[in-house]
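Engineer: Sequence plus predicted model, see below.
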Amino acid sequence: MHTLKIGGVPEHFNLPWHLTIEEGSYLKHDIQLEWKDYLGGTGAMCEALREAEIDIAIILTEGIIKDIIEGNPSKIVQTYIQTPLIWGIHAAADSEFMNLSDLKNTKAAISRYGSGSHLMAYINAQNQKWNTSDLQFEVIKNLEGAVGALTNGNADYFMWEHFTTKPLVDNGTFKRIADCTTPWPCFVIAVRKDILNTKKDQIKIILDIINATTLDFKNIPSIDKTLAHRYEQKLEDIQKWLELTEWGQSLIKKETLVTVQEQLLELNIINNNISPEQLIFNI
């Protein structure tokens with residue numbers, strides 16, 4: 001039996017992984033795939049890959065590209081979510097902030113440095129033509145930490161996936177000031193290089209299984225109700241999210257890797273770019 005550890009955020013995007021694990025799809029091929037939730041998101045998963053706590057990560061595109069450039073011993077093996085991620089920009093419901101312009105020169109809550117919430121604060125600032133060198137950050141680890149930081153005033157705004165945070169908007173914890181969309185496919189599958197060297201065949205089987213599932217995911221009977229129940233979302237929100245979301249089953253385009261790096265370089269998030277071939281592994 002080949003045991004492989006995989007990590008991802010505890011969000012609706014990753015239900016295909018849970019369904020295939022629960023169905024024993026990998027066990028049929030002598031693969032024990034063990035899932036671990038990462039509440040801290042991409043920054044936490046980058047660290048877990050580096051420390052060999054996990055072998056595979058379902059991770060934000062821009063975050064893993066930055067970390068591979070900085071020495072993470074992993075490769076991108078394919079796109080997981082082909083569509084962009086919609087980041088809600090949130091403030092405490094009782095705060096004075098009403099418009100995006102009100103957030104200029106205020107403090108952003110981020111799960112950790114190098115995380116999606118950190119990188120997207122730069123993307124948002126650039127979109128608004130703010131001086132990115134003026135950005136201020138408060139590290140809050142996860143969504144629960146963001147609730148505390150915004151409520152007690154340690155931070156002013158927080159960027160997280162629109163639909164994941166919607167229940168907190170609905171219950172009056174947050175108010176959504178605006179949305180900011182990633183200009184590229186949002187999630188990729190990354191695998192540690194030593195695993196690619198030693199268990200390439202098993203990784204290929206895992207990708208074949210998940211791709212077959214995501215290809216037909218929207219056609220699973222009552223999948224919208226399953227998602228709404230498991231992730232405590234309103235049915236109409238899940239239905240809207242499903243309409244907006246497309247899974248990917250192929251290697252990320254080299255042009256996309258160039259575009260992401262150009263953007264990160266322009267924002268001084270990375271110090272240099274590398275060839276697309278250094279970021280990917282074609283199974």
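Structural biologist: Now that the structure is in, tell me what you want to look at.

Engineer: Let me see the ranges of the strands in the stretch 101-250 of the chain.
Structural biologist: Applying DSSP state E, counting those that start in this stretch to the stretch 101-250 of the chain gives strands spanning 107-110, 136-139, 157-161, 174-181, 187-192.

Engineer: Can you pull out the residues in contact with the third one?
Structural biologist: Right, the one you point to is strand 157-161. Applying C-beta atoms under 8 Å, 6 or more residues apart in numbering, the contact partners of strand 157-161 are 11, 85-91, 97, 103, 106-110, 116-117, 120-121, 124, 140, 143, 146, 149-150, 174, 177, 180. From N, CA and C alone the C-beta is placed, and that goes for glycine too.

Engineer: thinking again about what came up before, columns distance to Lys36 on top of the strands of the stretch 101-250 of the chain, output as CSV?
Structural biologist: Below are the strands of the stretch 101-250 of the chain laid out as CSV (distance: least, C-beta to C-beta, whole Å):
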stretch, distance to Lys36
strand 107-110, 21
strand 136-139, 21
strand 157-161, 19
strand 174-181, 27
strand 187-192, 14
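
Engineer: Quick one: mean pLDDT over the longest helix along the chain.
Structural biologist: When the chain is parsed with DSSP state H, its longest helix is helix 200-215. Averaging pLDDT along helix 200-215 yields 98.

Engineer: just stretch 122-139 next, same as before
Structural biologist: 96.

Engineer: mind checking the end-to-end distance for that stretch?
Structural biologist: 15 Å (C-alpha to C-alpha, to the nearest Å).

Engineer: list the buried ones in that stretch?
Structural biologist: In terms of neighbour count (16 or more other C-beta atoms under 10 Å), stretch 122-139 has its buried residues at 122-125, 130, 132, 135, 138-139.

Engineer: same question, stretch 172-183
Structural biologist: 173-175, 177-178, 180, 182.

Engineer: Select, from those residues, the two members most distant in space.
Structural biologist: Thr173 and Thr182 (24.2 Å; C-beta to C-beta).

Engineer: wait, isn't Arg50 in contact with Ile64?
Structural biologist: No - counting by C-beta atoms under 8 Å, Arg50 does not reach Ile64; the two are 11.2 Å apart.

Engineer: Are there residues contacting both of these two? Which ones?
Structural biologist: Joint contacts of Arg50 and Ile64 (C-beta under 8 Å, 6+ apart) are Asn72.

Engineer: what about those two, which has more around it?
Structural biologist: It is Ile64, of Arg50 and Ile64, that has more neighbours when counted by other C-beta atoms under 10 Å, with 26 against 15.

Engineer: can you pull the contacts of Lys75?
Structural biologist: 68, 190-191, 193, 196, 279-281.

Engineer: Spatially central residue for the chain, please.
Structural biologist: For the chain, the residue lying nearest the average C-alpha position, counting by C-alpha atoms, centre = their mean, turns out to be Leu60 (3.8 Å).

Engineer: quick one: pLDDT of that residue?
Structural biologist: At Leu60, pLDDT is 97.

Engineer: Please give me every residue in contact with it.
Structural biologist: Per C-beta under 8 Å, 6+ apart, neighbours of Leu60: 41-42, 85, 116, 119, 186-188.

Engineer: what are the phi and psi values for it?
Structural biologist: The phi and psi values for Leu60, taken as degrees, to the nearest 10, are phi -70, psi 140.

Engineer: looking at the sheet around it, what are its partners?
Structural biologist: Phe187 (DSSP bridges).

Engineer: quick one: low-confidence parts of the stretch 151-283 of the chain?
Structural biologist: For the stretch 151-283 of the chain, applying pLDDT under 70 flags no range at all.

Engineer: now the helices: where do they sit in it?
Structural biologist: Secondary structure of the stretch 151-283 of the chain by DSSP state H, counting those that start in this stretch: the helices cover 162-170, 193-198, 200-215, 223-230, 235-244, 254-266.
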